[in-house]
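1. next input, structure requested:
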Amino acid sequence: MDLSSISYQKFVQFALEQTKLRTTLTPLPSQEKFKAIKANDNKSVLNAVSFCAPKIRLLRSLTIEDSQSMLVLDFAAFSKPEYDAPIFCANAFTTPTRSIVVLDLNPLYDVIIHPDYKEKYYKKLMPLSEKYSELLPWGGKLTSESLKFFSPIVIWTTVASSQLVHDVLFSAFVDYFKAWLELIDEASYEKDESLILLNCEAQHRYLTWRAEKDPGYSILKKLFGETLAKDLVRQFLFDGVDSLGSKTFLDYFPEYRSENGTVNKKRSMVGKSYETRPWNSAGEFIAD
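-> Below is the predicted model:
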């Protein structure tokens with residue numbers, strides 16, 4: 001596929017325009033810091049934007065575009081801890097031959113052990129996963145560790161790149177982001193400090209996992225060098241990992257502690273892998 005014919009900027013612009021129709025977006029300092037950085041290969045073009053809003057702690061997007069070899073979209077949006085809502089997550093890595101995609105409203109709390117949370121946020125959204133399950137089929141093995149951070153409506157796929165796939169992915173992005181905006185609109189201010197702290201820790205746990213396990217880190221390191229890549233991960237992509245809490249990755253995930261006390265860098269440590277979608281059309285977990 002000729003990558004020069006497609007772009008993920010269309011996705012970002014749609015999300016920003018839709019959000020601005022509902023609330024006021026304020027640029028964050030991280031946008032200014034990272035928007036002008038240049039890739040070492042002098043080919044890849046990076047675009048970084050980050051905002052906050054009255055109910056949104058962080059809405060940020062990173063795109064990397066090299067029309068010869070790859071297109072990358074890393075888009076996420078987090079509510080403020082005072083507003084209980086899932087995390088919008090859209091990750092896509094496209095080469096001329098393959099597209100790898102994760103699109104979800106990531107749950108703050110594991111939906112397998114918190115059925116009330118699943119019922120509250122995902123029951124009415126299940127038709128979304130059904131709508132796209134044929135054109136964007138399940139992408140194969142997904143570990144039970146990763147599954148904790150996904151919802152029953154997750155789109156996880158790896159398919160041959162094509163204009164059709166790009167168009168379908170945009171349609172899915174539109175539907176999922178609109179659904180997230182609706183949840184943000186409906187979210188009410190939480191006054192219970194204990195619940196706010198739980199939401200804050202849940203976001204921090206998620207950020208800590210993502211910052212440690214980010215599959216795109218190797219690309220960032222190659223393009224921008226180790227120091228800048230680490231800054232991008234911790235200060236931009238997963239901003240909050242150093243401010244929302246003080247727990248470390250090993251505090252949350254002690255099973256990754258190696259004999260010398262450092263983090264074992266293996267991608268997965270425990271649990272089974274799921275070759276097929278582990279939820280049915282009603283959102284019930286069926287893969288035990």
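2. ranges for the strands of the stretch 51-200 of the chain?
-> Using DSSP state E, counting those that start in this stretch, the strands of the stretch 51-200 of the chain run over 56-66, 70-79, 87-94, 98-106, 142-143, 155-160.
3. right, so of the ones you listed, which gets closest to Thr23?
-> Of all the strands of the stretch 51-200 of the chain, it is strand 56-66 that lies closest to Thr23, at 7.1 Å by Cβ to Cβ. C-beta coordinates here come from the backbone N, C-alpha and C atoms, glycine included.
4. and the closest one, how far out from the chain middle?
-> Centre-to-centre, strand 56-66 and its host chain are 10 Å apart (Cα atoms, centre = their mean, to the nearest Å).
5. who are the packing partners of that strand?
-> For strand 56-66, the elements it packs on are helix 9-20, strand 45-52, strand 70-79, judged by 3 or more Cβ pairs under 8 Å, 6 or more residues apart in numbering; DSSP states H and E.
6. just checking: what are the partner strands of that strand?
-> Under the criterion DSSP bridges, strand 56-66 sits next to strand 45-52 (antiparallel), strand 70-79 (antiparallel) in its sheet.
7. what is the end-to-end distance of stretch 185-201?
-> Length of stretch 185-201, first residue to last, Cα to Cα, to the nearest Å: 22 Å.
8. which of the residues in it are buried?
-> Across stretch 185-201, burial judged by 16 or more other Cβ atoms under 10 Å covers Glu190, Ile196, Leu198, Asn199, Cys200, Glu201.
9. just stretch 209-224 next, same as before
-> Neighbour-count burial for stretch 209-224 flags 209-214, 216-217, 219-221, 223-224 (criterion: 16+ other Cβ under 10 Å).
10. how about stretch 140-154?
-> Those would be Leu142, Glu145, Ser146, Leu147, Lys148, Phe149, Phe150, Ser151, Pro152, Ile153, Val154, for stretch 140-154 by 16+ other Cβ under 10 Å.
11. thinking the last one is in contact with Val101, fair?
-> No. Using Cβ atoms under 8 Å, Val154 is not in contact with Val101; the gap is 10.2 Å.
12. what about Val233, neighbour count?
-> 20 (other Cβ atoms under 10 Å).
13. quick one, what contacts it?
-> By Cβ atoms under 8 Å, 6 or more residues apart in numbering, the contact set of Val233 is Ala211, Asp214, Tyr217, Leu220.
14. need the residues you listed in a markdown table (columns: pLDDT, secondary structure and distance to Val45).
-> Formatted as a markdown table, the contacts of Val233 follow (pLDDT from 0 to 100; DSSP: H, G, I helix; E, B strand; the rest coil; distance: Cβ to Cβ, whole Å):
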| residue | pLDDT | secondary structure | distance to Val45 |
| --- | --- | --- | --- |
| Ala211 | 96 | helix | 24 |
| Asp214 | 91 | coil | 20 |
| Tyr217 | 94 | helix | 19 |
| Leu220 | 96 | helix | 14 |
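15. run through the residues that contact the most centrally placed residue in the chain.
-> By Cα atoms, centre = their mean, the chain has its centre lying nearest to Cys89, at 2.9 Å. The contact partners of Cys89, taken as Cβ under 8 Å, 6+ apart, are Phe75, Ala76, Val102, Leu103, Asp104, Leu105, Asn106.
16. could I get those as TSV with distance to Gly245?
-> Output for the contacts of Cys89, formatted as TSV (distance: Cβ to Cβ, whole Å):
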residue	distance to Gly245
Phe75	23
Ala76	18
Val102	24
Leu103	27
Asp104	22
Leu105	22
Asn106	17
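17. selection in ChimeraX covering whichever of those residues are buried, please.
-> Of the contacts of Cys89, the buried ones can be selected in ChimeraX as follows, counting by 16+ other Cβ under 10 Å:
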select :75,76,102,103,104,105,106
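18. so which of the contacts of Cys89 is the closest to Phe173?
-> Leu103 (6.5 Å).
19. what distance do you get for Val174 to Tyr132?
-> 11 Å (Cβ to Cβ, to the nearest Å).
20. pLDDT score for Asp288?
-> Here, the pLDDT recorded for Asp288 equals 62.
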